[in-house]
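1. sequence plus the predicted model coming up.
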Amino acid sequence: MENLLANSSEPRTQPVALHGAVLRLTDIEKVYQTKTIETVALNRVNLTINRGEFVSIMGPSGCGKSTLLSLMGLLDEPTSGVIEVDGRAVTSFSDRELAGLRNLKIGFVFQSYHLINDLSVVDNVEVPLLYRPGMGSKERRKRAVDALDKVGLSARTGHFPSQLSGGQRQRVAIARALAGGPEIILADEPTGNLDSVMGEEIMGLLLDLNRQEGVTVVMVTHDEHQALKTERVIRFFDGSQVG
């Protein structure tokens with residue numbers, strides 16, 4: 001399969017046609033409490049992400065961006081409000097149901113990669129697939145190899161994370177997110193640990209995945225330059241949406 005980075009310098013085009021909301025947050029609040037202090041991380045957030053969109057979330061440190069991404073990824077629960085995935089309210093789902101929904105629909109890309117140093121590149125990409133019921137080893141390996149091909153790392157399957165550059169490690173992390181065929185990729189500062197050249201490569205890859213594959217991407221970033229390449233920028237300040 002042709003490396004998706006090949007077209008990253010082309011002008012931004014419209015993604016696959018939108019077909020309604022894939023994520024919807026209604027009146028979401030997230031409050032952290034200790035014995036002496038109450039911290040409002042998110043304050044009555046109302047947000048809809050449509051299928052096929054590429055959305056950036058921006059704001060100063062501590063404004064609630066990463067908390068919001070954790071809630072979108074079903075890694076945490078809101079204090080109040082409703083989260084819907086494909087029109088289904090998931091707030092009352094069991095932990096097992098939430099884990100299954102995450103595994104099937106959502107891929108995660110983190111700033112610090114979260115690769116396992118003792119595993120090869122292809123084995124790292126396979127890890128989330130180990131939790132897919134009924135998926136055998138041959139299917140896992142095929143999906144992992146195909147995902148690495150998409151990100152231009154088919155020649156690095158047997159390498160270990162320590163043998164890769166930062167940009168290559170981030171591409172492995174993206175391949176890991178893609179291997180399960182998710183509808184949504186949630187990326188938390190995916191270019192934050194990279195130099196400008198590698199950052200442009202990773203951003204180009206995410207744009208191409210959105211444009212060519214129709215993957216919905218929600219990206220938290222501090223980088224205004226990268227954010228303005230996406231279709232919509234959502235800004236937060238002190239836990240509230242301001243734009």
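-> That came through, no problem. Numbering: from 1, shown residues only.
2. find the residue ranges of this structure scoring beneath the pLDDT cut-off.
-> 1-19, 243 (pLDDT under 70).
3. nearest residue to the middle of the protein?
-> Nearest to the geometric centre of the chain sits Leu186, at 1.8 Å (CA atoms, centre = their mean).
4. so what strands line up beside the helix or strand hosting that residue?
-> Here Leu186 sits within strand 184-188, counting by DSSP states H and E. Strand 184-188 sits in its sheet next to strand 106-110 (parallel), strand 216-220 (parallel), going by DSSP bridges.
5. can you give the distance of the first one from its chain's centre?
-> What it means is strand 106-110. With CA atoms, centre = their mean, to the nearest Å as the basis, strand 106-110 stands 4 Å off its chain's centre.
6. how is the residue located most distally from the centre of the chain assigned, secondary-structure-wise?
-> For the chain, the largest distance from the centre (CA atoms, centre = their mean) belongs to Thr36, which lies 34.3 Å off. Secondary structure for Thr36, judged by DSSP: H, G, I helix; E, B strand; the rest coil, is coil.
7. show me the contact partners of the strand holding Leu186.
-> Defining contact as CB atoms under 8 Å, 6 or more residues apart in numbering, one finds that strand 184-188 is touched by 22-23, 49, 66, 69, 72-73, 105-111, 174, 177-178, 206, 209, 215-220. Glycine gets a C-beta too; all of them are placed from N, C-alpha and C.
8. the same query, at a cut-off of 7 Å, please.
-> 22-23, 66, 69, 72-73, 105-111, 177, 206, 215-220 (CB atoms under 7 Å, 6 or more residues apart in numbering).
9. just stretch 209-222 next, same as before
-> 4, 13, 15-16, 22, 49, 51-58, 65-66, 69, 72, 183-190, 192, 206, 227, 230.
10. now the end-to-end length of it.
-> One end of stretch 209-222 to the other measures 21 Å (CA to CA, to the nearest Å).
11. which parts of the top helix by length along the chain are buried?
-> As assigned by DSSP state H, the longest helix anywhere in the chain is helix 196-213. Neighbour-count burial for helix 196-213 flags 198-211 (criterion: 16 or more other CB atoms under 10 Å).
12. and stretch 234-243, by the same measure?
-> For stretch 234-243, by 16+ other CB under 10 Å, it's Ile234, Arg235, Phe236, Gly239, Gln241.
13. hmm, the second one is touching Gly59, no?
-> Yes - contact between Arg235 and Gly59 holds when scored by CB atoms under 7 Å: they sit 5.6 Å apart.
14. show me the contacts for Leu47.
-> Leu25, Ile234, Gln241.
15. so it, which state does it fall into?
-> strand.
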